[in-house]
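Enquirer: no sequence for this one, just the structure:
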């Protein structure tokens, strides 16, 4: 699997520009530019250390999704038992 880009990762995590701006302590414009294609004239590199920060976010989201899956499975089992 190819290494994910900043833009792909932030889209997959449904993180908005303002959320990322606050998370990284950088202007929103910097986030917009980091999400551009590297071949774009306005492209700027993402904030330093973005991979580790977004890895933490992804892990947290993963745990939240697992908890949701378990809760929904329990609800379905309960309804089917009626």
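Expert: That came in fine, so what should we check first? Not measured: the values here are computed from a predicted model.
Enquirer: shaky segments in the chain?
Expert: Applying pLDDT under 70 to the chain flags no residue at all.
Enquirer: biggest helix in it, by residue count?
Expert: Longest helix in the chain, counting residues (DSSP state H): helix 50-81.
Enquirer: For the residue positioned nearest the centre of the chain, give its distance to residue 81.
Expert: Centroid-nearest residue in the chain, with C-alpha atoms, centre = their mean: residue 13, separated by 2.4 Å. Going from residue 13 to residue 81 by C-beta to C-beta, to the nearest Å gives 36 Å. Any C-beta I mention is one placed from the backbone N, CA and C, and that applies to glycine too.
Enquirer: One more: residue 65?
Expert: With C-beta to C-beta as the criterion, residue 65 and residue 81 are 25 Å apart.
Enquirer: Which one's more surrounded, the two?
Expert: residue 65 (10 against 6; other C-beta atoms under 10 Å).
Enquirer: Can you tell me, leaving aside adjacent residues, what's nearest to residue 44?
Expert: residue 33 (3.9 Å; C-beta to C-beta, 6 or more residues apart in numbering).
Enquirer: Likewise for residue 54?
Expert: Closest to residue 54 by C-beta to C-beta, 6+ apart is residue 9, at 5.1 Å.
Enquirer: show me what contacts the one you found?
Expert: Shown in contact with residue 9 (C-beta atoms under 8 Å, 6 or more residues apart in numbering): 50, 54, 58.
Enquirer: Tabulate these (TSV), appending distance to residue 71 and neighbour count.
Expert: Below are the contacts of residue 9 laid out as TSV (distance: C-beta to C-beta, whole Å; neighbours: other C-beta atoms under 10 Å):
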residue	distance to residue 71	neighbour count
50	31	18
54	25	21
58	20	14
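Enquirer: one step back: out of everything not next to it in sequence, what's closest to the residue nearest to the centre of the chain?
Expert: residue 57 (5.7 Å).
Enquirer: And residue 6, by the same measure?
Expert: residue 46 (3.8 Å).
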